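Chemist: Dropping the sequence and predicted coords here.
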Amino acid sequence: DDGLNVLNSVINAIRSAKSYIYVAIYRWLNLSINSPIWQLAQELVNAKNRGVYVTVVVEYDYRNDPPIQYLSNNGIFVRWESGTDLMHNKFIIIDGVVTFTGSANLVDSAFTVFGTSYQYNDILEVWSTWFSKPYDYEFIEMRYKSVFHAGDPTPTPLRNQTIYLNNTWVNVEFYFSPEEGSSLENRWEDLISKSNTIYMALYVLTLDDIGSGLVSKYSTGCDVKVLLSYDQKDVSGSEYYRLIQNRVPTVLNYDDPLVDDVQIVHHKFMVFDKSIVSTGSANPTFKGLYGNDENTVIIHWSKLAEIYTNRFYELWKKYIANITVKVYEGDKPAVNAFVNITTYNLASLTNNIYDWYNYTGYTDSNGLINVEAYLWNPSPTALFTVNASTSRGWNTTIVVLGLNNNTANVLMWITIPVETRLLVYGPVEAGVGETVVYNLVLTYFNGTVVNRDVTVKVYVNNTLVDTITLVNGMGSWSRVFNTIGTHSIRF
């Protein structure tokens, strides 16, 4: 949402650079010649031409992408990764003062919608010399020592710091994989075990112990929610199936049209107890911690955690199915009615592990219940069966939701066999030729008027003479009697 603003912040920081600019990026690719991603490369060349030292480290597989070639052709030294794993870092350091780091590669769709392509990403912009130092250390190891997928751990004084950010002293932990991959996995497991609220927005999740930890915390009643990228649910070792088998609230991103590898959740953030944020380039996978060059930062700051929590819920609410049901018992809202909503046809999501899921609850004092269906099939025709029941009866209906229509409001009536009585108000005697008017009110036995239109037949001396409609349970009937005698009137 703020992608272009982020790029403008990076460009402004580059323009203000005085000494050096280090860029460690997995991929740098522009999809149009006038894109901000290409402009970023031009700004680096401009900085180099005015005397700023600029150098770049990039993944070997993407060393020939146009922006990288442009930088090389204009005298900027580019070191590309060597080895079988990836240089997956995504950070920029300017003058050792400002650091940009997060989940985004320098590609157009990482910052804005490009055609049908988009990604969800997050980037931190931190102005702090102490925050920059661990990233400087990692960059120098790759750029100047040509050390990839190994190297020395971050020096202890740099690894855990208390830094003054926005007028607040903040505890910050730095992890660079693979050197500190084991320590990072242990730290994530520790945070999961100690937290009662856990929100994760991830591109992919394959670490068994992380999946098991989430299942364990959810089973104890903790607030656990996970958002994963749709296109990564079936990768080898995916923990998605473990999560949904154990009913852990888990959603996948989807949009219409849904295009794999084009519309993705690219976040790698976790929020613990709404006070601690973990983010960076590392996915919670074996390669992300034990093979690739990655960076992760864990920040203990409730203000930042609030921003990430809001971001999580922004996506969560977009991709859950919201179903609101209002139940009536006769003419009145049904209080404490039991509602069961079942979603079917989940086989395409769950690899045929199961094909249904129930959401249950009771209506409130207004006869309302809202269900957030987080395990459902994001397809154009996802089916939900809604059942509502009280001690006096039940009803059922089917709701169909599609990709861009994940909200439904359902009204359900439970028909109750309740006796009514018709009250008739009018004269017992009348003169010949006089108009006689009778007012009718249909009520329940407790005196409440039946609030609906009702058809009433009128008999005179056992002969049907008229049919009238009581509107909202009330109406009138009139007649002129021109003969002397006794007349039997029955409604």
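Modeler: Sure thing, it's come through. Here the structure is a predicted model, which means the values were calculated and not measured.

Chemist: now the helices: where do they sit in this structure?
Modeler: Assignment of helices within the chain using DSSP state H yields the ranges 3-15, 36-49, 66-73, 129-143, 156-159, 181-194, 208-219, 240-245, 286-290, 302-319, 347-350.

Chemist: could those helices be laid out in TSV, adding mean pLDDT?
Modeler: Formatted as TSV, the helices of the chain follow (pLDDT from 0 to 100):
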stretch	mean pLDDT
helix 3-15	95
helix 36-49	96
helix 66-73	97
helix 129-143	96
helix 156-159	92
helix 181-194	98
helix 208-219	98
helix 240-245	87
helix 286-290	97
helix 302-319	95
helix 347-350	48
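
Chemist: so which of those helices gets nearest residue 24?
Modeler: helix 129-143 (5.6 Å; CB to CB). Backbone N, C-alpha and C define where each C-beta goes, glycine included.

Chemist: Now find how far off-centre that closest one is within its chain.
Modeler: Its chain's C-alpha centre and that of helix 129-143 lie 34 Å apart, by CA atoms, centre = their mean, to the nearest Å.

Chemist: Buried residues of that helix, list them for me.
Modeler: 130-139, 141-143 (16 or more other CB atoms under 10 Å).

Chemist: rewinding a little: got a markdown table for the helices of the chain, with distance to residue 419 too?
Modeler: Shown next, in a markdown table, are the helices of the chain (distance: least, CB to CB, whole Å):
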| stretch | distance to residue 419 |
| --- | --- |
| helix 3-15 | 65 |
| helix 36-49 | 73 |
| helix 66-73 | 80 |
| helix 129-143 | 76 |
| helix 156-159 | 78 |
| helix 181-194 | 59 |
| helix 208-219 | 49 |
| helix 240-245 | 49 |
| helix 286-290 | 69 |
| helix 302-319 | 46 |
| helix 347-350 | 48 |
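
Chemist: Residue 366: which of those is closest?
Modeler: Smallest distance to residue 366 across the helices of the chain (CB to CB): 22.1 Å, for helix 302-319.

Chemist: thinking again about what came up before, any idea which of the helices of the chain gets closest to residue 440?
Modeler: Nearest of the helices of the chain to residue 440, taken as CB to CB: helix 302-319 at 50.1 Å.

Chemist: Please name every helix or strand in contact with that closest one.
Modeler: When contacts are defined as 3 or more CB pairs under 8 Å, 6 or more residues apart in numbering; DSSP states H and E, helix 302-319 packs onto strand 197-202, strand 223-228, strand 250-252, strand 268-272, strand 276-280.

Chemist: As TSV, these with mean pLDDT and distance to residue 62 would be great.
Modeler: Converted to TSV, the helices and strands packed on helix 302-319 look like this (pLDDT from 0 to 100; distance: least, CB to CB, whole Å):
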stretch	mean pLDDT	distance to residue 62
strand 197-202	98	23
strand 223-228	97	25
strand 250-252	89	27
strand 268-272	98	19
strand 276-280	98	19
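
Chemist: closest one to residue 157 among those?
Modeler: Checking these against residue 157 by CB to CB gives strand 276-280 as the closest, at 20.1 Å.

Chemist: Quick one: low-confidence residue ranges for the chain.
Modeler: Across the chain, residues meeting the criterion (pLDDT under 70) sit at 1, 256-261, 344-355, 376-381, 403-404, 416-418, 446.

Chemist: tell me, what residue is most central in it?
Modeler: What sits nearest the mean C-alpha location of the chain, by CA atoms, centre = their mean, is residue 316, with 1.4 Å.

Chemist: and the helices and strands packed on helix 302-319 as CSV, adding distance to residue 413 and mean neighbour count?
Modeler: Listed next are these as CSV, based on distance: least, CB to CB, whole Å; neighbours: other CB atoms under 10 Å:
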stretch, distance to residue 413, mean neighbour count
strand 197-202, 38, 23
strand 223-228, 34, 22
strand 250-252, 32, 24
strand 268-272, 42, 24
strand 276-280, 47, 24
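
Chemist: could those go into JSON lines alongside distance to residue 210?
Modeler: Formatted as JSON lines, the helices and strands packed on helix 302-319 follow (distance: least, CB to CB, whole Å):
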{"stretch": "strand 197-202", "distance to residue 210": "9"}
{"stretch": "strand 223-228", "distance to residue 210": "10"}
{"stretch": "strand 250-252", "distance to residue 210": "13"}
{"stretch": "strand 268-272", "distance to residue 210": "9"}
{"stretch": "strand 276-280", "distance to residue 210": "11"}
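
Chemist: Among these, which comes closest to residue 448?
Modeler: With respect to residue 448, and counting by CB to CB, the nearest of those is strand 223-228 at 42.1 Å.

Chemist: That closest one vs helix 181-194, what angle?
Modeler: For strand 223-228 against helix 181-194, the angle by axes from the mean of the first three to the mean of the last three CA atoms, to 10 degrees is 140 degrees.

Chemist: And strand 223-228, what does it pack against?
Modeler: Contacts defined by 3+ CB pairs under 8 Å, 6+ apart place strand 223-228 against strand 197-202, helix 208-219, strand 250-252, helix 302-319.

Chemist: Now do residue 60: how many residues are near it, please.
Modeler: Residue 60 has 14 neighbours, counted by other CB atoms under 10 Å.

Chemist: Roughly how far does it sit from residue 81?
Modeler: As judged by CB to CB, to the nearest Å, residue 60 and residue 81 stand 5 Å apart.

Chemist: what does residue 153 give?
Modeler: Distance, residue 153 to residue 81, by CB to CB: 19 Å.

Chemist: neighbour-wise, which of these two wins?
Modeler: residue 81 (24 against 13).

Chemist: What separation do you get for that one and residue 89?
Modeler: Distance of residue 81 to residue 89, computed by CB to CB: 9 Å.

Chemist: Next: residue 222.
Modeler: Residue 222 sits 32 Å away from residue 89, going by CB to CB.

Chemist: Just want to know which of these two has more residues nearby.
Modeler: More neighbours surround residue 89 than the other of residue 222 and residue 89, with 27 against 15 (other CB under 10 Å).

Chemist: Run through the bridge partners of the residue nearest to that one when sequence neighbours are not counted.
Modeler: Nearest non-adjacent residue to residue 89, counting by CB to CB, 6 or more residues apart in numbering: residue 24, 4.1 Å away. With DSSP bridges as the criterion, residue 24 is bridged to residue 57, residue 91.

Chemist: how many neighbours does residue 24 have?
Modeler: Using other CB under 10 Å as the criterion, residue 24 is surrounded by 27 other residues.

Chemist: got a list of what it touches?
Modeler: Neighbour list for residue 24: 56-58, 87, 89-92, 135, 138-139, 142, 293 [criterion: CB atoms under 8 Å, 6 or more residues apart in numbering].

Chemist: which of the residues you listed lies closest to residue 425?
Modeler: residue 90 (81.3 Å).

Chemist: Could you count how many residues lie near the closest residue to that closest one other than its chain neighbours?
Modeler: Nearest residue to residue 90, sequence neighbours excluded (CB to CB, 6+ apart): residue 281, at 4.6 Å. As a burial measure, residue 281 scores 28 neighbours (other CB under 10 Å).

Chemist: Hmm, residue 268 and residue 281 touching each other?
Modeler: Yes - here residue 281 reaches residue 268: they are 6.7 Å apart, a contact under CB atoms under 8 Å.

Chemist: shared neighbours, the two?
Modeler: Common neighbours of residue 281 and residue 268 (criterion: CB under 8 Å, 6+ apart): 103, 296.

Chemist: Return the distance of residue 225 relative to residue 101.
Modeler: Separation of residue 225 from residue 101 (CB to CB): 24 Å.
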